[in-house]
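S.K.: Structural data only, the sequence is not supplied:
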């Protein structure tokens, strides 16, 4: 009986994630079947966010937690994490890239929101972040979000950070740009007073300027990150949800975290890790 129960459990895992399916086992015409037949997974990701999606200027390799999540999908679908093609996808282009079929999915610090869900479908959250502030180390005037009144705050177009800032501190002067990497030199040079987005993104930017910038460390919002796919692609969404659930159980999520975000001092996965499902 123990052997039978073990066999049934193994079959359920296979069915929920399709990780042990033979080639051609996916429904004909499904996204999974097309990717498996093509042999390459195409993923939209950011190239300018250390710890999540960052393109090394020397090697050209894409590193970060989002990149590791994407590689795990590629490995499960194609048999190798190397069978992947990354496409740079800035915040304001994520929905367009999915709708136009330029990518199979987007894994790019992509917060799940009702307005975005009108255009694309999301998986269950694979990560939780909190919005915070990055300021100059020698600036003692900004120690919480309410201190942004009358300050110039840089953030990216198409992000949830914009809406939250406008709601919480409407007196702030927002400098909205295409990518967070544009905000950093402006902050260092004193052209803006703060950079606001998800804390984990800020940690990666801080690691590049540890002597010049500081993280305020008082999050004022919680952001669930999901993988974005074509709207109403239920089979692909369920397949990806099965993978995320498995990674949380078998330690793959933790290994990816410790190899990327976990290398930064003070980083902890306690609030970032989704509950096991």
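M.R.: Nice, thanks for sending it over. No experiment lies behind these values; they were computed from the predicted model shown. Numbers count the residues shown, from 1 in each chain.

S.K.: For the residue positioned nearest the centre of the chain, which three-state class applies?
M.R.: The C-alpha lying nearest the average C-alpha coordinate of the chain belongs to residue 109 (CA atoms, centre = their mean; 2.7 Å). Under DSSP: H, G, I helix; E, B strand; the rest coil, residue 109 falls in the coil class.

S.K.: Got phi/psi on it?
M.R.: Main-chain torsions, residue 109, degrees, to the nearest 10: phi 40, psi 50.

S.K.: Residue 213 now?
M.R.: Torsion angles at residue 213 (phi, psi; degrees, to the nearest 10) stand at phi -120, psi 160.

S.K.: same question, residue 48
M.R.: Main-chain torsions, residue 48, degrees, to the nearest 10: phi -120, psi 20.

S.K.: Which pLDDT does the model give residue 15?
M.R.: Here, the pLDDT recorded for residue 15 equals 45.

S.K.: about what we covered before: which non-adjacent residue is nearest the residue nearest to the centre of the chain?
M.R.: residue 52 (5.4 Å; CB to CB, 6 or more residues apart in numbering). In short, each C-beta sits where N, CA and C put it, glycine included.

S.K.: Could I get the buried residue list for stretch 30-42?
M.R.: Under the neighbour-count criterion of 16 or more other CB atoms under 10 Å, stretch 30-42 has 31-33, 35-36, 41-42 buried.

S.K.: and residue 111, bridged to which residues?
M.R.: Here residue 111 sits in beta bridges with residue 225, going by DSSP bridges.

S.K.: about what we covered before: filter the buried residues of stretch 30-42 down to the ones in helices?
M.R.: Of the buried residues of stretch 30-42, the ones assigned to helices by DSSP state H are 31-33, 35-36.

S.K.: Just give the nearest non-adjacent residue to residue 240, would you?
M.R.: Closest to residue 240 by CB to CB, 6+ apart is residue 123, at 4.6 Å.

S.K.: Next: residue 259.
M.R.: Spatially, and ignoring its direct neighbours in sequence, residue 259 is nearest to residue 68 (6.7 Å; CB to CB, 6+ apart).

S.K.: before we move on, back to that, near the residue nearest to residue 240, how many other residues are there?
M.R.: 23 (other CB atoms under 10 Å).

S.K.: Residue 233 is in contact with that one, correct?
M.R.: No: taking CB atoms under 8 Å as the definition, residue 123 is not a contact partner of residue 233, at 10.6 Å.

S.K.: Show me which pair in the ones in helices among the buried residues of stretch 30-42 is furthest apart.
M.R.: Farthest pair in these (CB to CB) is 31 and 36. Separation: 9.6 Å.

S.K.: Determine how far stretch 174-183 lies from the middle of the whole chain.
M.R.: In terms of CA atoms, centre = their mean, to the nearest Å, the centre of stretch 174-183 is found 18 Å from the chain centre.

S.K.: What's the end-to-end length of that stretch?
M.R.: 11 Å (CA to CA, to the nearest Å).
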